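1. the following comprises the amino acid sequence and a computationally predicted model.
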Amino acid sequence: MKKIKNIITVLSIALVFSCSKDILDKEPQSGFSAQGFYKTSSDAQAGVYGIYDAVQSTFSLNFSFWGEGRADAVNTNHSGDPLLLQQNTLNKTMNSARWNSLYETISRANYAIKYVPEVFEEGNEFGLQLVGQARALRALSYFYAVRIWGDVPLVLEPYESIDQELFIGKTAKEEVLEQIVADLKFAAQNCRESFGGERDRLLITRGGANGLLTQVYMWQKNYEAAIASAQSVLGNSLYSLVSINDWSKIFTTGFSNESIFEIGYDDTQTNNLRILYAIGSDSHYFPSEGFRASFEEGDLRQDLIYDVTEEEPRKIWKFFGQGFDDESADPSSQNIVMLRLADIMLLKAEAHNKLGQTAQALDLLNTIRSRAGLVEIDEAEAISTYSDVESAILHERSIELSFEGHRWFDLVRTQKAIEVMGPINGLSDEANLVWPLHEDALNRNPNLEQNGFY
Amino acid sequence: MNRFKKTEKPAIRILRTLVSKGFLLVAVFFCIILQAQVETVTGQITDAETGEPLLGVNILEKGTANGVASDFDGNYSIEVGSSDAVLVFSFLGYETTEVVVGSQTKIDLLLGLAANQLDEFVVVAYGKKKKRNLTGSVVSVGGEDIEQTNLQDPVSILQGRAAGVQVISNSGAPGGGMTIRVRGNSSLNSGNSPLYVVDGVPIESSSLSSLNGTENFGLNPLADINPNDIESIEILKDAASTAIYGSRAANGVVMITTKRGKEGKGVLNVNFTSGVSQITRKLSVLNASQYRQVIIDSYRNMDNPVEPNWTVIDSLNPKNNGDVDWQEELLRVAPQYKVDLAVQGGSENAKYSWSSSFLNQDGIILNSNYKRVTSRVNIDFNVSDKLTVGQSLSYTNGTNSRINAGGSGNLSVVRELLIRPPSYAMYLPDGSLNGYQFGKRNPVGLAEQATHLNKSNRIIGNQYAEYQFLEGLKLRSNLNLDYLSMKEDEFLPSTLDYREGYNSGAVRAINNLTWGNETYLSFDKTLNEKHNLGALLGMSFQEWKYERTGLDGMFFPSDNIRTLNAAGTISNQDVNITTEHSLLSYFGRLSYDYMGKYLLELNLRADGSSRFGEDKRFGYFPSASIGWRFSDEKFLQGQNVLADGKLRFSAGQTGNEAIGNYTSQGEFLVGTNYLGYSGASPSVMPNSGLTWETTTQFNAGIDLAFLNNRIVFNADAYLKETDDLLYNVPIPRTTGFSYITQNIGSIENKGLEFLLVTKNLVGDFKWDTNLNISLNRNKVTDLPDELLTNGYIQNGQYHILQEGLPIGTFYGWKFEGVYASDEDNVNGITNGALGSVFKGGDPIWNDLNGDNIIDEDDRQVIGDAQPDFFGGIANNFSYKNFSLNVFFQFSYGNDIYSEINHQRNSVVRYNNLSTDALNRWRQQGDVTDFPKPVRDDPMQSDSRIQSRWVEDGSYLKLKNVNLRYRFPNRLIEPFGLSNLDVFVTASNLITWTKYTGFDPDVNSYSGLRSGVDEGSYPQSRTIMTGLNFQF
């Protein structure tokens, strides 16, 4: 009996003292603590792919709401964002006024930009390539942000502690654009020239960075710089125009030679292209009457874009292929082409025209027109048909790049938004060209002010 | 009488001899007066419970040796010395009762059993305590209450039966989840569930179902416990009772105690029940032609009408020419049965209790079924005089064939019950199922052809050894574990998709283990028969390990092979995620009472949790309570109205550590892939200062028992203030994060709880009533200013959090009817600053700020999910061998946001509508409260969160009726039976409510977003019959 008593006493005392406080230290086993992630080059690579993951979800629906929703090529019957954008009744609770996913992309990029260099020795090429991609994706996000909201908060460091300033105010859009240019220049110098295969289009290469740079310079009206960066894209052997027979495949199968950067999707990482454009009778958007009437006779692209046999077409089949017909509201898996050669060529044409280099402008314009089965035009014809060369180029962009998310930004960039949209929805105020900040963003941050118009 | 005569003679003699001495005369005169009062008291003593006369009750004149005993008929007769005399009635096993004689000559007495509820033991943290000596607030639900129901899990039994405990069903599915709140919501971070302790094992109580999306429609993890195994359930409510569970105790503690063997002959108990369930009510919906007309109207009502989408309404399309009553197709009368076997018994040194049960329960929606096998062994051995060892071990195997009940996706069968257009054909002309149409899968197909199977194995065990060093000094150590292994399979066949060969499947497997050790020394000693001392000192360690593995796949070559090895594409990997958590604690208790009259108890626990930042690891949780049994005071002696009276006060602190295991460290998430390339990204922002929530609670209570405990009344008042709330504080999204978990803000819960137990009739016909009512007032008292730019925090879609308002406050636009004609909008109120003017048929929204613009600023509080009061009333009747139990349960003053009713009236989504739509606005001048349907919803009639969907959720429910007949012994003894009962039990028989959904007992989200009906699996009415044999 005494023995048992002793054993129990000893055991219990041992128990009490064997439980040191170490047992309360539990490290994550299937993830990482915030500071513990970036350790190896494969961590660094994963951190950068994580940014693309955010880009995927950012643009799945919004590339169209942001780039087409307020412009003249689309029409809609759908309540919510489609109607609010189309009727220019934007409000602070609409979904496309949220910037959450853009800043999530930026946050992931900021983590990578800060920590990837710590993994590699200084000057390591792979490390610089990764940082280049991260900076390019951060620039892409900020470029959308300044075009949508104007002045926006500029965050360049990852958030790792509650002691950091959480409630930051807006930075002037010019300053944000400078940061975008700096990021893209870094990317254009340090990204990979090519990966070989599909990754040439799925990831940011030097060509991709230069393409983005062209778009940004055009927005800044820095035409010389735009021409230079566009030239480096045009001179890149990765990119060439496809024939009109393969034109649909740019979107339906993706990875065409014309594509510079496209966001990859598949059966599980899906987007909303079908809901936006292609549900047979009830998609968000269908081609507006004005758009349908703006085609020149003989444009081979017209029935690649929508069903010309329908009197009132209710869908756009550009992204799914001619004859596409289904009623499913399911997500879709086609890639979204963000940047392609035709876009850069037409931007370059626009820049040349702005600098008075009309011949070069028309040359580029006619390259795109010829592919579409249209006759080449000279300056006089451009003026007689479209009133000036710039308008001819802009029109060409509206057809060639239709529904790809360029039209609204083109109208704003060329100061034609009010002229074009005023008669349609009463747009009349320059201050109305930006979106309102979402209510949620204002609620979360007392240092933010709503955009003036709203 | 003889005694009286003997004493009279000497008195007269003395009087005569001392007649000349006046002083003495006076004294003796008084003496005579007193003596003259001496008389005889007679009466009958009967059992308070049965009314049977009691033989051999001792009747003693208090303070004397004068005593008699009652005879065979319970009659007695006693001479007492004076009217001041107090008679003490005592009988073994019965409550000793004192009665002042006074002027009475006949005193009939009902003697109550001593084992009445005040002398029962109740289970408390780390021990048992006499109910009469409780100083905290504990509510107990006994095995008898459990037997009377046909409910299959311990949580639903508590509904309406325990004051201060609110239970709401998340789902009516077999094995479906429940929400339980002890004294209100005390946390913002949805860690609002109590701690469950089964025979000393703290068990996992959150739904671990990881398929089927969110927790809303999760499983009830307590369904793994067979109610027939339960001896009692105690709910510890105030800080005095719970503080010894420290950082997990802020939401109360539910102690479940299972049946253990008793010394004596083994008893075999067999219980068999079977019955059927059906839906409590069906809801009215439009038929096909009515539906088509609404859709056509909705196009006509557009500002710029377009041709209707003919594919939706085309009655010539074979996919679309149906007229299907989907409720009829999907609902059924569902059978269930259950068999229970139990053996209990033991010798002096070994006691055992063994039980097994099998439950097979069909759900009322096609093809849902729950099967459960449980087995339990509880044994106790006395190894020596001093050493006792024992074990509780239970095993449960569950197979839940679920249907996809919840959520807003097109997979929800329950929503489709009500909103699927009747025109959608069930079959195509070739006889095959119309599996997929306009983005919606056929719900009958989903129920019949899709797989959604949850299989679980669970072991809950506890081994203990108890060693008695000295009388009153014991060391007990136990090792406990709760192991759950669960596998879920999901499969959607290609017949339910429009694409050839497009099928998909998923599998999840989880392994969850929590184990721990608790060791404690307890000491009990009584000094001088007056001072009762108790002390407890212990420590515990608990660890949780959670593992999950899963895969999603698609493109299976055949719908018949549904295992993931056949998937053509593995579309998502949810591979081997492991998380851990540990808790190290020290605790102690001191108690003292003076003859049960003055009571005192002190508790302290120190808890360290791995979840918190390194500097804030350990928390200390003290509590103190006092009690005063005023009925034992002299001034209340000698009366027989108040049998027991006690006042209780307690105060203390408890905590809540229910946050993510690694939240304080921040997290990097793997699996944010880009196509095939593995990605990782930050998902949680670190906060190294994170710590537990602290709840400070004050409790005052009174326990009264009158008339030999025929009336027992308990009341409690409490004030519960929770600070340092763990909350996912929204931060600017420019940080890349949506929130950061912080300790912020305060919530207050205060309330009253009443319990009244009365024995209305005793004797052959007995009637008992048990009534409880609880009132809880919940209020958010403090939120950090930086979160309150609007004065409130949006909490999900329907709710806000605001200082001064309760959790569960609905916020949106107030619907005030429908404009009968365009002219009725006299102020020209517009939809938004730039929007259109409201016209005839549009809803009238309350223009809160009177600016004639309906916008975000016109949103207001439109409802509150918290009830004013809730409770239950049970009436037990018995006559000879019949007994009848009738149990009502009620909730009053709570609102329900009926999202399902919104869905049922949403033309925008081409949903079918309720028959209310027949009353819709059609033309100028129509006076109605049903707005015109408009296809594109330009005035946001459909999309607003609005008071139109807020309904009064009050109800009174005849929750349970149990009628039982016990065969007389003489009939069953020849068959070797010691007991035979037959019974009929009905649950959910009648509900009185204004709520227009399936059932007001509904809560689609179990967290903070209470009171929303998104279309949960409906409740059912169940009638069962049963037999109980005992050998």
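-> Looks like it arrived, so ask away. Numbering: from 1, shown residues only, chains lettered A, B, ... in the order given.

2. could you use CA atoms for every contact and neighbour count after this?
-> OK.

3. quick one, what contacts residue B:365?
-> Shown in contact with residue B:365 (C-alpha atoms under 8 Å, 6 or more residues apart in numbering or on different chains): B:330-332, B:403.

4. let me redo that: residue B:122
-> Counting by C-alpha under 8 Å, 6+ apart, the residues that residue B:122 touches are B:128-131, B:140, B:234.

5. and stretch A:65-80 with chain B, contact?
-> Yes: shown here: stretch A:65-80 in contact with chain B (C-alpha under 8 Å from any C-alpha of the partner chain) through A:77-79.

6. could you dump these to JSON lines with distance to residue A:109?
-> As requested, those are exported to JSON lines (distance: C-alpha to C-alpha, whole Å):
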{"residue": "A:77", "distance to residue A:109": "37"}
{"residue": "A:78", "distance to residue A:109": "35"}
{"residue": "A:79", "distance to residue A:109": "34"}
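
7. can you lay out those residues as CSV showing secondary structure and neighbour count?
-> Shown next, in CSV, are these (DSSP: H, G, I helix; E, B strand; the rest coil; neighbours: other C-alpha atoms under 10 Å in any protein chain shown):
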residue, secondary structure, neighbour count
A:77, coil, 22
A:78, coil, 19
A:79, coil, 18
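
8. okay, the residues you listed in a markdown table with pLDDT next?
-> Formatted as a markdown table, the entries for the residues of stretch A:65-80 next to chain B read as follows, by pLDDT from 0 to 100:
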| residue | pLDDT |
| --- | --- |
| A:77 | 83 |
| A:78 | 83 |
| A:79 | 80 |
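
9. relative to chain A, which of the contacts of residue B:365 is nearest.
-> Of all the contacts of residue B:365, the one sitting nearest chain A is residue B:403; the distance, using C-alpha to the nearest C-alpha, is 21.4 Å.

10. so in chain B, where's the weakest helix or strand by average pLDDT?
-> The helix or strand of chain B with the poorest confidence is helix B:22-37; it has a mean of 43 (mean pLDDT, DSSP states H and E).

11. and for residue 340, the neighbour number?
-> All of this is about chain A. By other C-alpha atoms under 10 Å in any protein chain shown, 24 other residues sit near residue A:340.

12. let me rephrase: I mean chain B.
-> Residues lying near residue B:340 (other C-alpha under 10 Å) number 21.

13. and it, how far is that from chain A?
-> Separation of residue B:340 from chain A (C-alpha to the nearest C-alpha, to the nearest Å): 39 Å.

14. what's the answer for residue B:107, then?
-> As defined by C-alpha to the nearest C-alpha, residue B:107 lies at a distance of 56 Å from chain A.

15. helix or strand for residue A:381, which one?
-> Mapping residue A:381 onto the secondary structure by DSSP states H and E places it in helix A:379-386.

16. mind giving me the packing neighbours of that helix?
-> With contacts defined as 3 or more C-alpha pairs under 8 Å, 6 or more residues apart in numbering or on different chains; DSSP states H and E, the secondary structure elements packing on helix A:379-386 are helix A:389-400.

17. list the buried residues in the helix it packs on.
-> For helix A:389-400, burial by neighbour count (16 or more other C-alpha atoms under 10 Å in any protein chain shown) applies to A:389-400.

18. got it, and stretch B:279-288?
-> B:279-280, B:285-288.

19. and the end-to-end length of that stretch?
-> Its start and end residues considered, stretch B:279-288 measures 23 Å (C-alpha to C-alpha, to the nearest Å).

20. same question, stretch B:879-899
-> The straight-line separation of the ends of stretch B:879-899 (C-alpha to C-alpha) is 48 Å.

21. quick one: mean pLDDT over it.
-> Per-residue pLDDT values across stretch B:879-899 average out to 93.

22. report the buried residues of it.
-> For stretch B:879-899, using 16+ other C-alpha under 10 Å, the buried residues are B:882-899.

23. show me those residues that map onto strands.
-> Filtering the buried residues of stretch B:879-899 for membership in strands, criterion DSSP state E, returns B:882-892, B:895-897.

24. from those, which is closest to chain A?
-> Closest approach between these and chain A, by C-alpha to the nearest C-alpha: residue B:897, at 21.2 Å.

25. now do the contacts for that closest one.
-> With contact taken as C-alpha under 8 Å, 6+ apart, residue B:897 is in contact with B:798, B:810, B:949-951, B:1011-1013.

26. that one bridge partners, please.
-> Residues found in beta-bridge contact with residue B:897 (criterion: DSSP bridges) are residue B:950, residue B:1012.

27. ranking by neighbours, what's the top pick from the contacts of residue B:365?
-> Neighbour counts for those (other C-alpha under 10 Å) peak at residue B:403, which has 27 neighbours.

28. which of the three states applies to it?
-> Counting by DSSP: H, G, I helix; E, B strand; the rest coil, the backbone at residue B:403 sits in coil.

29. now it: how far from residue B:366?
-> Counting by C-alpha to C-alpha - residue B:403 and residue B:366 are separated by 8 Å.

30. who touches both of the two?
-> Residues within reach of residue B:403 and of residue B:366 at once, by C-alpha under 8 Å, 6+ apart, are residue B:447.

31. would you list the phi and psi of residue A:138?
-> Geometry field for residue A:138 lists phi and psi as phi -60, psi -40, criterion degrees, to the nearest 10.

32. list the contacts for it?
-> The neighbours of residue A:138, taking C-alpha under 8 Å, 6+ apart as the test, are A:105-106, A:109-110, A:180, A:183.

33. which ones among those map onto helices?
-> Using DSSP state H, A:105-106, A:109-110, A:180, A:183 are the members of the contacts of residue A:138 that sit in helices.

34. restrict those to contacts with chain B.
-> The subset of the ones in helices among the contacts of residue A:138 within reach of chain B, counting by C-alpha under 8 Å from any C-alpha, consists of A:105-106.

35. highest neighbour count among the ones in helices among the contacts of residue A:138?
-> Each of the ones in helices among the contacts of residue A:138 was scored by neighbours using other C-alpha under 10 Å; the highest score is residue A:109's, at 33 neighbours.

36. circling back: quick check, nearest of the buried residues of stretch B:279-288 to residue B:563?
-> The shortest approach to residue B:563 among the buried residues of stretch B:279-288 belongs to residue B:279, at 33.7 Å (C-alpha to C-alpha).
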